[in-house]
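In: Pasted the sequence and its predicted model underneath.
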Amino acid sequence: MKADAIKLDGKKAGSVDLDDAIFGLEPRADILHRVVRWQRNNAQAGTHKVKTRSETSYSTKKIYRQKGTGGARHGDRNAPIFRKGGIYKGPTPRSHGHNLTKKFRKLGLKHALSAKVAAGELVILDNADMKDAKTSALAKQVKDLGWKRVLVIDAAVNENFAAAAANLNGVDVLPTVGANVYDILKSDTLVVTKAGVEALEARLK
């Protein structure tokens, strides 16, 4: 598959060959869903915690006498039925992550890239190099190109480009080793440099 490449100023920069086995698949929502769920579950902190009746702070003295009150018989003010008592079967710290094979994760990344191609949201960039880390210059180029929520993937991220993009809302930069399904799908425009295409194809073969 052939794809046209552009420069940051919008001028044409030839074309590149995209591997159909990576960029030309028929996107499957079920595969993308499984990989995104795996990513988000692994990112979840799992630090939620409530106190049980053995951890709440209150006197252990019997709160009133056993008989003669006309009410229920209670001995512990920390019981779950009382206000500020312990919580019964509440959340405790745990990992929300689950396993997903490397083969399936690679497949998910291929389908995410193919989904961007199918939607017409993939842009091939000649390179993402900048001589100076000027946010204003990059902001103008991004505006002129019509990019809003964009993810830029490069084989080796240029330091000046990354520094300039760090101050721009809606512009994210990742090396190819950090390319992932969730970030690709949530972007409106996926920008991959020529070097990034080669690195992605080498990673996913």
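Out: Received, thanks.

In: Relative to P91, how far out is the residue nearest to V192 when sequence neighbours are not counted?
Out: Computed as Cβ to Cβ, 6 or more residues apart in numbering, the closest residue to V192 that is not its neighbour in sequence is I153, at 4.8 Å. Bear in mind the C-beta positions are built from the backbone N, C-alpha and C, glycine included. Counting by Cβ to Cβ, to the nearest Å, the separation of I153 from P91 is 37 Å.

In: of the two, who's got more company?
Out: I153 (28 against 11; other Cβ atoms under 10 Å).

In: wouldn't that one be in contact with L200 here?
Out: Yes: counting by Cβ atoms under 8 Å, I153 touches L200, with 7.2 Å between them.

In: can you map out the helices along the protein?
Out: For the chain, the helices defined by DSSP state H occupy 20-23, 29-43, 102-118, 135-145, 159-166, 181-186, 194-204.

In: Tabulate those helices (CSV), appending mean neighbour count, distance to D4 and mean pLDDT.
Out: Listed next are those as CSV, based on neighbours: other Cβ atoms under 10 Å; distance: least, Cβ to Cβ, whole Å; pLDDT from 0 to 100:
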stretch, mean neighbour count, distance to D4, mean pLDDT
helix 20-23, 17, 14, 95
helix 29-43, 15, 26, 97
helix 102-118, 19, 13, 97
helix 135-145, 15, 14, 93
helix 159-166, 17, 21, 94
helix 181-186, 18, 20, 97
helix 194-204, 18, 12, 95
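
In: so which of the ones you listed comes closest to G86?
Out: helix 29-43 (28.1 Å; Cβ to Cβ).
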